[in-house]
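Chemist: Quick one, what's the 3D model for this:
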Amino acid sequence: MEVGCGARVRTFGSRRYLYFWHYEREGGRSRRKEDYIGRVDDEGARQELLKRMAVYHGRAEQEIARRRARIERMLDRLQLAST
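Modeler: Presented below is the predicted three-dimensional model:
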C-alpha cells in the first residue's frame with residue numbers, strides 16, 4: 001500500500017500549472033497518477049488542490065483504521081485461543 005499525495009508545478013513556456021499527484025491501485029499494484037488542476041495563479045485551482053489532498057488523506061486514514069482493526073481482531077482471537 002502506497003500512501004501519499006501532493007502538488008506538482010509544471011512550467012510550459014512562461015505559464016505554470018498545478019497538478020495533484022496521488023497513488024491509485026491498478027491491477028493489484030500502486031501507481032502514481034497526476035491530475036491537472038489549473039494554473040498556479042488561479043485561486044480556485046489552489047483551493048481544489050487542497051480539497052483533493054484533504055479527501056485523499058481522509059480516505060487513507062479510513063483504510064489504515066480498517067486494517068488496524070482487522071489486525072487487532074486477529075490478535076484478540078489469538079489471545080483467546082492461547083488462554
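
Chemist: Could I get the contacting residues of the residue most central in space within the chain?
Modeler: The centroid of the chain falls nearest to Tyr56 when counting by C-alpha atoms, centre = their mean (4.0 Å). Contact analysis of Tyr56 by C-beta atoms under 8 Å, 6 or more residues apart in numbering lists Cys5, His22. Any C-beta I mention is one placed from the backbone N, CA and C, and that applies to glycine too.

Chemist: Distance of it relative to Arg8?
Modeler: Tyr56 is 14 Å from Arg8, where distance means C-beta to C-beta, to the nearest Å.

Chemist: now Gly28
Modeler: Remark: distance between Gly28 and Arg8 (C-beta to C-beta) = 25 Å.

Chemist: quick one, which of those two is more surrounded?
Modeler: Applying other C-beta atoms under 10 Å to Gly28 and Arg8 shows that Arg8 carries more neighbours, namely 12 against 5.

Chemist: Secondary structure element holding that one?
Modeler: If you go by DSSP states H and E, Arg8 is part of strand 5-12.

Chemist: Please apply the same query to Arg25.
Modeler: Using DSSP H and E, Arg25 falls within strand 15-26.

Chemist: so what secondary structure elements neighbour that strand?
Modeler: Applying 3 or more C-beta pairs under 8 Å, 6 or more residues apart in numbering; DSSP states H and E, we find strand 15-26 packed against strand 5-12, strand 29-39, helix 43-82.

Chemist: what's in contact with that strand?
Modeler: Strand 15-26 is contacted from outside by 2-11, 30-42, 45-46, 49, 52-53, 56, using C-beta under 8 Å, 6+ apart.

Chemist: Give the pairing partners of that strand; include direction for each.
Modeler: Here strand 15-26 has these sheet partners by DSSP bridges: strand 5-12 (antiparallel), strand 29-39 (antiparallel).

Chemist: shaky segments in this structure?
Modeler: 1-2, 83 (pLDDT under 70).

Chemist: and if we set it to 50?
Modeler: The model of the chain has no residue with pLDDT under 50.

Chemist: For the nearest residue to Leu18 once chain neighbours are set aside, list the residues it contacts.
Modeler: Closest residue to Leu18 apart from its sequence neighbours, by C-beta to C-beta, 6 or more residues apart in numbering: Ile37 at 4.2 Å. Shown in contact with Ile37 (C-beta under 8 Å, 6+ apart): Tyr17, Leu18, Tyr19, Phe20, Ala45, Glu48, Leu49, Arg52.
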